[in-house]
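Asker: Give the three-dimensional model of this entry:
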Amino acid sequence: MVPHLVTALNGPLLELERRLLESSTSIEGWLRRHWQQHEPPFYASVDLRNSGFKLAPVDTNLFPGGFNNLGPASTPLAVQAARGAIGRLCPDAKNLLLVPENHTRNRGYQENVAALAEILRQSGLEVRVAPLPLLKREGARVTVEGFDPCAILVNNDLSAGIPQVLEGLTEQSVLPPLHAGWAIRRKSQHFAAYDEVAGEFAQLLGIDPWLVNPYHASCGRIDFQARAGEECLASNVATLLERIRAKYLEYGLKETPYVVVKADAGTYGMGIMMVRDPAEVKDLNRKQRNKMAVVKEGLEVEQVILQEGVHTLERIDEKAAEPVVYMIDRHVIGGFYRVHAARGADENLNAPGMEFAPFGSEFPAYGVVARLALAAAALELERTAPR
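Answerer: Numbering: from 1, shown residues only. All right, here's what the predicted structure looks like:
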């Protein structure tokens, strides 16, 4: 795909970009101090939305599955970052085991695994790719057909649960840690950590944290099939919409506020709906309830996160687009635009029919905000680690 990109920063976001450029030395120092205290995830991808007046992360994936969508310029950056990360964990590392999703026939995902394995091989490692059913437990280690790895890199988001074969491996590093999987992880915990990071960052730059942070909320248990918890959900949507409207009024914005309701655990754009009126969550038909009730691997939705909807003004060939930034260790290695011809500026673009257009380092603001989300993920994983 040869992109013709239309994007613009205006109003407060134009001022934000100016401050990012002017404060780059302070920002890098602040991030460096953060990494001295908190270990970053081995890799991550962050979905961003640029509304022209706001640039914010809306999702952080700790098992990124789109390395094949990155441009060739990303490869040397990825190799260097991977070499540094593996070198800290296994100074004498030679063998690495890459564990992908089980039995997937998704061609795009298979290409992702191949691209990721090639990055790791170019970093100087012998790499074996094997899904969970092929792994063999030998005491406190895992092997596969005689291949004995120093570290195990998981590219399976563990929606189906924590695999017993990987638990308690005291002699091998498992990356990311098992509690980063959706069997345990919750988006609400991530964005609670992001609130702290964005607040510190905003204080550093002297800006309104709302410019880089979507409002969010959550409520207790919900059962979409039994229609339990709908009143709580509607009440929280109403409160969140009021908070967004107040900010729009403060900045003189004319867009229509909306809230994204999505499963607190899960990925692939499943279990998501856009809400512009609280009544919408009380009037779901059976098809809509079924869509929200279950996500990947049959994981039942028992909790949701309510997140401020961020419009995207970005267009590629007149199609709605959003940037996705990829990182290994603490380094941005590149990214791509997720593009969807059939979706609008206030809709979920992570849906069948999406396309991808790679980009490099020409948008430094994206890299800064994505690393804020990475910093939040580091805090999140520390705080949710099993004791």
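Asker: contacts, neighbours, all on C-alpha from now
Answerer: OK.
Asker: secondary structure element for the closest residue to residue 104 other than its chain neighbours?
Answerer: Nearest non-adjacent residue to residue 104, counting by C-alpha to C-alpha, 6 or more residues apart in numbering: residue 110, 7.7 Å away. Using DSSP states H and E, residue 110 falls within helix 107-122.
Asker: what about the residue nearest to residue 104, how many neighbours?
Answerer: The tally of other residues near residue 110 (other C-alpha atoms under 10 Å) stands at 17.
Asker: same thing with residue 171?
Answerer: Using other C-alpha under 10 Å, residue 171 is surrounded by 12 other residues.
Asker: pretty sure it contacts residue 140?
Answerer: Yes - under the criterion of C-alpha atoms under 8 Å, residue 171 makes contact with residue 140 at 5.9 Å.
Asker: Between the two ends of stretch 48-59, how far is it?
Answerer: Start-to-end span of stretch 48-59 (C-alpha to C-alpha, to the nearest Å) is 7 Å.
Asker: what does stretch 208-216 give?
Answerer: 16 Å.
Asker: try stretch 343-357
Answerer: Stretch 343-357 has an end-to-end distance of 16 Å (C-alpha to C-alpha).
Asker: hang on, the earlier thing: which residues belonging to the helix holding residue 110 are considered buried?
Answerer: Of the residues in helix 107-122, 109-113, 115-117, 119-122 count as buried by neighbour count, 16 or more other C-alpha atoms under 10 Å.
Asker: Go through these and say which is closest to residue 303.
Answerer: Comparing the buried residues of helix 107-122 against residue 303 with C-alpha to C-alpha places residue 109 closest, at 27.4 Å.
Asker: The closest one contacts residue 69, doesn't it?
Answerer: No - between residue 109 and residue 69 there is no contact under C-alpha under 8 Å: 10.2 Å.
Asker: okay if I get the buried residues of helix 107-122 as TSV plus pLDDT?
Answerer: Listed next are the buried residues of helix 107-122 as TSV, based on pLDDT from 0 to 100:
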residue	pLDDT
109	95
110	95
111	97
112	97
113	97
115	98
116	98
117	98
119	97
120	97
121	96
122	96
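Asker: rewinding a little: chain center to the helix holding residue 110: distance?
Answerer: 19 Å (C-alpha atoms, centre = their mean, to the nearest Å).
Asker: One more: stretch 88-100?
Answerer: Distance, centroid of stretch 88-100 to centroid of chain: 23 Å (C-alpha atoms, centre = their mean).
Asker: and if you look at stretch 134-148?
Answerer: On C-alpha atoms, centre = their mean, the centre of stretch 134-148 falls 30 Å from that of its chain.
Asker: Same question for stretch 159-167.
Answerer: 21 Å.
Asker: do stretch 124-140 as well
Answerer: Relative to its parent chain, stretch 124-140 has a centroid offset of 26 Å by C-alpha atoms, centre = their mean.
Asker: low-scoring stretches of this structure, by residue?
Answerer: Scanning the chain with the threshold set as pLDDT under 70 gives 1-12, 220, 224-229, 267-270, 285-299, 301.
Asker: residues in contact with the helix or strand hosting residue 368?
Answerer: Taking DSSP H and E as the criterion, residue 368 maps to helix 364-384. Contacts to helix 364-384, defined as C-alpha atoms under 8 Å, 6 or more residues apart in numbering, come from residues 17, 20, 34-35, 38-41, 44, 46, 48, 55-57, 60, 179-180, 185, 189-191, 193-194, 196-198, 212, 323, 325, 330, 332, 361.
Asker: From these, which land in strands?
Answerer: Judged by DSSP state E, the subset of the contacts of helix 364-384 located in strands is 44, 46, 48, 55-57, 60, 323, 325, 332.
Asker: From those, list just the buried residues.
Answerer: Among those, those classed as buried by neighbour count (16+ other C-alpha under 10 Å) are 44, 46, 48, 55-57, 60, 323, 325, 332.
Asker: before we move on, back to that, save the buried residues of helix 107-122 as a markdown table, and put in distance to residue 158 too.
Answerer: Below are the buried residues of helix 107-122 laid out as a markdown table (distance: C-alpha to C-alpha, whole Å):
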| residue | distance to residue 158 |
| --- | --- |
| 109 | 15 |
| 110 | 17 |
| 111 | 20 |
| 112 | 17 |
| 113 | 16 |
| 115 | 21 |
| 116 | 18 |
| 117 | 19 |
| 119 | 23 |
| 120 | 21 |
| 121 | 24 |
| 122 | 27 |
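Asker: what two of those residues are the furthest from one another?
Answerer: 109 and 122, at 20.1 Å, using C-alpha to C-alpha across the buried residues of helix 107-122.
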